[in-house]
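> Sequence and predicted structure are below.
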Amino acid sequence: QNPKKSPSQPPSANKSALIIIIIIISIIIIRSSLLPILSLPFMAALVSSASLRVATWNVLLPNSVDGWWTFKNYCPATPPSARTWESRQSLMSKKIREANPDVLALQEAGEKSYETDFSFLDDKYAYVVGDKGRMRCMTFYAKDRFSITSNTCKDRCLVTSLLDSSTDKTLWVVNVHLLTGQTNNGRRLRQVHECLRAVAKSKEPKDVVLVLGDFNTELSRESSLVKLLSDGAVAKGYVENGDAVTNKGKAQSLGRFGMVYDGSGKGEETLVAPQLVPRFWSVEGGLTPGLEAACGAVFNCYEEGGKWKEENLVEFLHDINLRDDRGSEMRFLRARMADNGELVEADVRDMYTEEVRGGKFWGVAHDLHVIGKKFDLQFPHAVLPDWYAGESRAPDGDDAEVFKAKFDHIFYLEAGLRVKEKKDMAGDDGQPMPNEAEPSDHKLLEVVFEFNG
């Protein structure tokens with residue numbers, strides 16, 4: 001008797017099983033071969049042409065909690081309602097959202113109020129902020145694209161590294177608000193050099209670098225800052241504005257930086273203000289005869305018997321600062337009164353000399369205007385422009401009446417980035433800022449970059 005045999009599988013079933021096995025093996029082979037291709041570096045290479053939208057803005061210290069004196073920055077033609085923080089914040093929100101930057105560098109964020117002043121950005125951005133000073137640098141970054149890897153506070157600067165998830169590159173953002181003053185070129189050079197050294201210590205070859213913000217000085221091809229960033233070095237003993245800016249020389253190893261707004265475009269001024277310097281400060285040094293005469297006229301408006309007593313000082317301070325317990329004018333004159341028990345005309349002149357030396361031309365102009373209006377004064381020597389005193393617009397296209405400067409800049413490491421598009425500022429009306437349309441005395445700068453390689 002033959003043993004019982006197991007029934008054989010039908011041919012079609014064997015064929016189907018073989019096909020399934022072949023498919024499984026093929027999937028395993030394909031997945032293994034694709035793993036390197038689908039890795040993050042490869043995907044980053046695919047999007048190497050991704051864009052990067054960048055903006056920088058000196059916002060003029062917010063007057064929400066601090067910055068009470070900001071109303072003095074406005075020309076008389078601007079109504080008080082436009083000088084409030086609510087109005088300024090609304091304009092800032094609109095302009096920043098229209099720019100829609102991936103990275104935003106702000107200067108003059110308020111020490112006491114930065115958390116709430118820019119809360120309108122919280123839905124899209126995270127931020128880092130400087131840890132010293134009344135006015136601070138603040139760097140915002142799109143939180144769905146970047147993650148922070150380091151942040152260092154330097155001398156009036158903020159050095160931040162961000163990992164860009166769309167390119168797998170690290171972006172270094174050096175946000176600067178350099179020291180002002182014509183005699184401080186050496187300090188400004190040291191400020192930037194220190195930041196570049198901090199970046200160089202940790203930068204990888206594929207990293208990209210931005211240096212941007214308020215440089216507080218006009219830059220040219222011969223400026224030490226441009227030589228450092230573009231040429232890579234400043235020679236020892238290099239002289240700028242008559243002063244040696246470095247004894248031993250300065251160099252940076254990151255590479256050549258390009259300058260987005262290099263002055264070749266029309267209307268690239270970033271700060272526009274009334275032209276007051278020649279009206280207030282003489283070329284020989286010291287107050288002009290016009291401002292000296294105006295100081296005497298101001299003193300005479302409040303004097304009693306050729307002196308200012310406490311009540312005269314209080315009235316003066318209320319007129320110019322709306323209160324008698326704040327302001328550099330108050331501190332100066334109170335110190336003089338503490339020494340002498342009263343004030344004379346020379347004290348007022350000395351006080352305004354210090355204001356002008358400190359660059360507060362806008363504050364002096366404001367004070368003269370409100371006092372002149374209250375007492376119906378006609379100041380001699382045209383110490384105030386007619387349009388300013390008359391509370392009207394500055395004459396269109398008259399550069400003699402309007403001060404324009406390029407203080408704000410965006411530099412980029414050319415090895416990593418190239419400019420795709422920059423904001424055309426030629427259409428601005430050239431009126432002094434801030435005003436009803438501009439919430440700061442500086443313009444918002446915008447640029448779109450593309451990545452190299």
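Good, I have the coordinates. Numbering: from 1, shown residues only.

> Dihedrals phi and psi, the spatially most central residue of the chain?
Of all residues in the chain, the one closest to the mean position by Cα atoms, centre = their mean is residue 58, 3.2 Å from it. Per-residue torsions, residue 58: phi -80, psi 110 (degrees, to the nearest 10).

> what separates it from residue 443, distance-wise?
9 Å (Cβ to Cβ, to the nearest Å). In short, each C-beta sits where N, CA and C put it, glycine included.

> Which residues are in contact with the residue nearest to the centre of the chain?
Applying Cβ atoms under 8 Å, 6 or more residues apart in numbering to residue 58 gives the contacts 106, 107, 108, 177, 213, 214, 407, 408, 440, 441, 442.

> at 10 Å what do you get?
105-109, 135, 137, 177, 213-214, 216, 270-271, 407-408, 440-445 (Cβ atoms under 10 Å, 6 or more residues apart in numbering).

> Just the buried ones among those, please.
Buried subset of these (neighbour count, 16 or more other Cβ atoms under 10 Å): 105-109, 135, 137, 177, 213-214, 216, 270-271, 407-408, 440-445.

> just to revisit the earlier point, inside strands: which ones of the contacts of residue 58?
105-109, 135, 137, 177, 213-214, 271, 408, 445 (DSSP state E).

> Output the contacting helices and strands for the helix or strand encompassing residue 367.
Per DSSP states H and E: residue 367 is located in helix 361-375. Contacts defined by 3 or more Cβ pairs under 10 Å, 6 or more residues apart in numbering; DSSP states H and E place helix 361-375 against strand 271-274, helix 277-280, helix 289-302, helix 310-321, helix 328-340, helix 345-357, helix 386-389.

> In JSON lines, list these along with mean pLDDT and distance to residue 450.
Output for these, formatted as JSON lines (pLDDT from 0 to 100; distance: least, Cβ to Cβ, whole Å):
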{"stretch": "strand 271-274", "mean pLDDT": "94", "distance to residue 450": "29"}
{"stretch": "helix 277-280", "mean pLDDT": "95", "distance to residue 450": "40"}
{"stretch": "helix 289-302", "mean pLDDT": "97", "distance to residue 450": "51"}
{"stretch": "helix 310-321", "mean pLDDT": "98", "distance to residue 450": "49"}
{"stretch": "helix 328-340", "mean pLDDT": "97", "distance to residue 450": "46"}
{"stretch": "helix 345-357", "mean pLDDT": "97", "distance to residue 450": "45"}
{"stretch": "helix 386-389", "mean pLDDT": "94", "distance to residue 450": "44"}
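
> Please identify which of those is closest to residue 425.
Across these, residue 425 has its closest neighbour in strand 271-274 (10.3 Å, Cβ to Cβ).

> one step back: which residues are common contacts for residue 58 and residue 443?
Residues touching both residue 58 and residue 443 (Cβ under 10 Å, 6+ apart): 270, 271, 407, 408.

> Name the nearest of the residues you listed relative to residue 145.
residue 408 (24.2 Å).

> Tell me who's in contact with that closest one.
Listed by Cβ under 10 Å, 6+ apart, the contact partners of residue 408 are 56-58, 105, 107, 176, 212-216, 261, 268-271, 442-445.

> re the thing from before, okay, and the beta partners of the residue nearest to the centre of the chain?
Residue 58 has these beta-bridge partners by DSSP bridges: residue 107.

> Could I get the pLDDT score of it?
We note a pLDDT of 98 for residue 58 in this prediction.

> ok, now the one 3 residues further on?
pLDDT recorded at residue 61 is 98.

> Give me the neighbour count for the nearest residue to it once chain neighbours are set aside.
Distances taken as Cβ to Cβ, 6 or more residues apart in numbering put residue 67 closest to residue 61, at 3.7 Å, once the chain neighbours are dropped. Number of residues near residue 67 (other Cβ atoms under 10 Å) recorded here: 21.

> tell me the contacts of residue 370?
Here residue 370 is in contact with 72, 76, 319, 320, 322 (criterion: Cβ under 10 Å, 6+ apart).

> so which strand or helix has the second one?
What it means is residue 76. Here residue 76 is assigned to no helix or strand, by DSSP H and E.

> Please report how far it lies from residue 437.
Applying Cβ to Cβ, the value for residue 76 to residue 437 is 16 Å.

> These two: which has the busier surroundings?
residue 76 (17 against 13).

> give the contact list for that one.
Contacts of residue 76 were listed using Cβ under 10 Å, 6+ apart, and they are 365, 366, 369, 370, 373, 384, 387, 388, 389, 390, 391, 392.
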